[in-house]
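Visitor: Structural data only, the sequence is not supplied:
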């Protein structure tokens, strides 16, 4: 099988979690969290229903759920949903009950050996559209140096992984995406990929984009770095812009304002790099953020392994009034995740949670009402190996406010 269609043996998200744990350790609940959370409960109210099965529905071996689900309504009212692999395709349909894969590749990955091109392997991980025609996208881009001769002294995946959030756009309602020329770095390390880097570096796994007034926001993770003139802590950072169609306009929260920029180190020498302040209590990437329509509270869902502030492995949720201060996480769904040892899992793992309300008022599904769909990926285990036998599933969720 080709590299783009072979089974995915590497537990990618598990490597992310290990890297973050080594960088920053368990993340405690925020000391400044509100004494009473904005919402009282998120409760699962029904069984799983499969939206997409890799073994049943794939166009080819590249159609494997491998990211949180992102959706928008195009200009015709159809839903476009992304969340597969680095040969990016969409699920389309009139509603969430009738989504089917469109076999057209909307954005392929060049698997190019030059890291300055930012075209090795890219996943569409966030989209935003105002009109359903022009769509801005954020890409989780992995330069996997171990796959390119002479680019990494090690052959261990994690020791060679250079990650960047880059940009793409569509002018046809998400039926095709083009990378910005030249490549636009939205968030990345202020130094170039190195043959001896020895660990995972950069920014990765952006959340969906959400709207608040004239601004748009997303969260992205970083493993951090310690360089002369720049000491970036590991964690999850919040980005903001008032021009989502201009990918150079995104700025990250520093603790005092949204001023941190992360320019392309291949096109600009970075002497004194900006840094962002991580947002607690997230131990690893945030799967999705949505706004509760009745209360205005933000809800974030994410996965975590047992340990520290997390009594069980599974999906957790937290709420906030301002996207900066979040309350103590609460368990939504227990289960072994990609952050756990697959050898100890009972047949499957769960990963990549997202929240989508079919009745969302916004075109980009960044709001929820009294109920929503928890969408996530289930991954079958063979022995200790994570296979490409994966399903994108959904479960209904009830969202309660304080009486």
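Guide: Now that the structure is in, tell me what you want to look at. Values in this document were obtained by computation on a predicted structure and should not be read as measured data.

Visitor: Can you pull the phi and psi angles for residue 247?
Guide: phi -60, psi -20 (degrees, to the nearest 10).

Visitor: who's the residue nearest to residue 209 when sequence neighbours are not counted bridged to?
Guide: In space, and not counting its chain neighbours, residue 209 is closest to residue 128: 4.4 Å by CB to CB, 6 or more residues apart in numbering. Where C-beta positions appear, they are placed from N, C-alpha and C, glycine not excepted. Beta bridges link residue 128 to residue 136, judged by DSSP bridges.

Visitor: Let me see the contact set for residue 341.
Guide: residue 384 (CB atoms under 8 Å, 6 or more residues apart in numbering).

Visitor: Can you tell me how far it is from residue 384?
Guide: 8 Å (CB to CB, to the nearest Å).

Visitor: cool, and residue 226?
Guide: 33 Å.

Visitor: and the longest strand that the chain contains, which residues are buried?
Guide: Determined from DSSP state E, the single longest strand within the chain is strand 385-400. Buried residues in strand 385-400, counted by 16 or more other CB atoms under 10 Å: 386, 387, 388, 389, 390, 391, 392, 393, 394, 395, 397, 399.

Visitor: and which of those is nearest to residue 69?
Guide: Checking the buried residues of strand 385-400 against residue 69 by CB to CB gives residue 392 as the nearest, at 6.6 Å.

Visitor: Check the closest one and give its pLDDT.
Guide: In this model, residue 392 is scored at 98, pLDDT.

Visitor: Residue 182 now?
Guide: 89.

Visitor: Return the residues in contact with it.
Guide: Contacts of residue 182 (CB under 8 Å, 6+ apart): residue 267.

Visitor: now it: how far from residue 124?
Guide: Residue 182 is 19 Å from residue 124, by CB to CB.

Visitor: do the same with residue 290
Guide: In terms of CB to CB, residue 290 sits 19 Å off from residue 124.

Visitor: Could I get the pLDDT score of the residue nearest to residue 209?
Guide: For residue 128, the predicted pLDDT is 98.

Visitor: Just give the number of residues close to it.
Guide: Number of residues near residue 128 (other CB atoms under 10 Å) recorded here: 23.

Visitor: so where's this protein uncertain?
Guide: Residues of the chain meeting the criterion pLDDT under 70: 1-36.

Visitor: which residues of it fall in helices?
Guide: 12-24, 54-57 (DSSP state H).

Visitor: contacting residues around residue 314?
Guide: 303, 304, 331, 332, 333, 334, 335, 337, 350.

Visitor: and it, what are its bridge partners?
Guide: With DSSP bridges as the rule, residue 314 is bridged to residue 304, residue 334.

Visitor: Please report the distance of it from residue 150.
Guide: Taking CB to CB, one finds residue 314 at 42 Å from residue 150.

Visitor: can you count the residues close to residue 144?
Guide: Residue 144 is flanked by 18 other residues according to other CB under 10 Å.

Visitor: And for the one 3 residues further on?
Guide: Other residues within reach of residue 147, judged by other CB under 10 Å, total 17.

Visitor: In this structure residue 126 contacts residue 216, no?
Guide: No - using CB atoms under 8 Å, residue 126 is not in contact with residue 216; the gap is 9.8 Å.

Visitor: Which one of these two is surrounded by more residues?
Guide: Taking neighbours as other CB under 10 Å, residue 126 and residue 216 compare with residue 126 leading, 29 against 23.

Visitor: In space, not sequence, find me the middle residue of the protein.
Guide: Nearest residue to the geometric centre of the chain (CA atoms, centre = their mean): residue 205, 3.5 Å.

Visitor: for the nearest residue to residue 393 once chain neighbours are set aside, what are its contacts?
Guide: Distance criterion CB to CB, 6+ apart; nearest residue to residue 393, sequence neighbours excluded, is residue 48 at 4.5 Å. Residue 48 is in contact with 378, 393, 394, 395, counting by CB under 8 Å, 6+ apart.

Visitor: Would you enumerate the residues in contact with the second one?
Guide: Looking back up the chat, that one is residue 393. Applying CB under 8 Å, 6+ apart, the residues near residue 393 are 48, 49, 50, 51, 375, 376, 377, 378.

Visitor: Contact partners for the third one?
Guide: By CB under 8 Å, 6+ apart, the contact set of residue 50 is 391, 392, 393.
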